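> Okay, structure incoming, though there's no sequence with it:
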């Protein structure tokens, strides 16, 4: 399975974020899945890619040329697919993924997983959309989606397509098609 992961190009200020990236990377490799991610060697992105590779897994990075030119490319990954724009990157990562996971990250992470969620809620794909809510990182976003549903800006069916996972076991179950 191709697991597309969106996550920070920074490590954040809590050790649990790094531990989360390591945990997910080890699982991807051990389960024989392939990582699709943004291609960078910095931050949580680098931690995740390294964990997958150390476990013998395959890593495909999809990275805009301007990030490559700025020196962010992870040279050790299995394959790099350069793009011209962020929009092209988002589209390729979505097309390649069989399941999508957002780990802690910033506005880029939120931008990328949001597009995947929009397409899921519009029934343009039925692939799992998972936000790893380790230590409550995505609590406010979960509450916002619940509020959208409460005020009838999102249907309950559309809301059910978004999984907030508190543990790796929750992620594994959701990625396999359960909720």
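Looks like it arrived, so ask away. Just so you know, these numbers come straight off a predicted model, no measurement behind them.
> buried residues in the least confident helix or strand in the chain by mean pLDDT?
Counting by mean pLDDT, DSSP states H and E, the weakest-scoring helix or strand in the chain turns out to be helix 65-69, with a mean of 93. For helix 65-69, the neighbour count (16 or more other Cβ atoms under 10 Å) marks 67-68 as buried. Heads up, the C-betas are built off the backbone N, CA and C, glycines and all.
> repeat for stretch 85-102
89-90, 92-94, 97, 99-102.
> contacts for that stretch?
1-7, 24, 36-38, 60, 62-64, 81, 83, 109-113, 115-116, 119, 125, 127-132, 138, 171, 174-175 (Cβ atoms under 8 Å, 6 or more residues apart in numbering).
> Could you tell me which of those residues are located in strands?
The strands, defined by DSSP state E, take in 2-6, 36-37, 60, 62-64, 81, 83, 129-132 from the contacts of stretch 85-102.
> Just the buried residues from those, in PyMOL please.
Of the ones in strands among the contacts of stretch 85-102, the buried ones go into a single PyMOL selection, burial set by 16+ other Cβ under 10 Å:
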select buried, resi 2+3+4+5+6+36+37+60+62+63+64+83+129+130+131+132
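> what are the phi and psi angles of the residue of the chain most remote from its centre?
Centroid-distance maximum for the chain: residue 151 at 27.7 Å, with Cα atoms, centre = their mean. Dihedral angles of residue 151 (phi, psi; degrees, to the nearest 10) stand at phi -90, psi 10.
> try the one 3 residues further on
Geometry field for residue 154 lists phi and psi as phi -140, psi 140, criterion degrees, to the nearest 10.
> shaky segments in the protein?
Along the chain, segments meeting pLDDT under 70 span 178-179.
> just to revisit the earlier point, residues making contact with the least confident helix or strand of the chain?
39-40, 73, 80, 82-84.
> Scan those and report the most crowded one.
Ranked by neighbour count (other Cβ atoms under 10 Å), these have residue 39 at the top, with 26 neighbours.
> Quick check: the gap between that residue and residue 73.
Distance, residue 39 to residue 73, using Cβ to Cβ, to the nearest Å: 6 Å.
> Now do the shared contacts for these two.
With Cβ under 8 Å, 6+ apart, residue 39 and residue 73 have common neighbours 61, 63, 67, 80.
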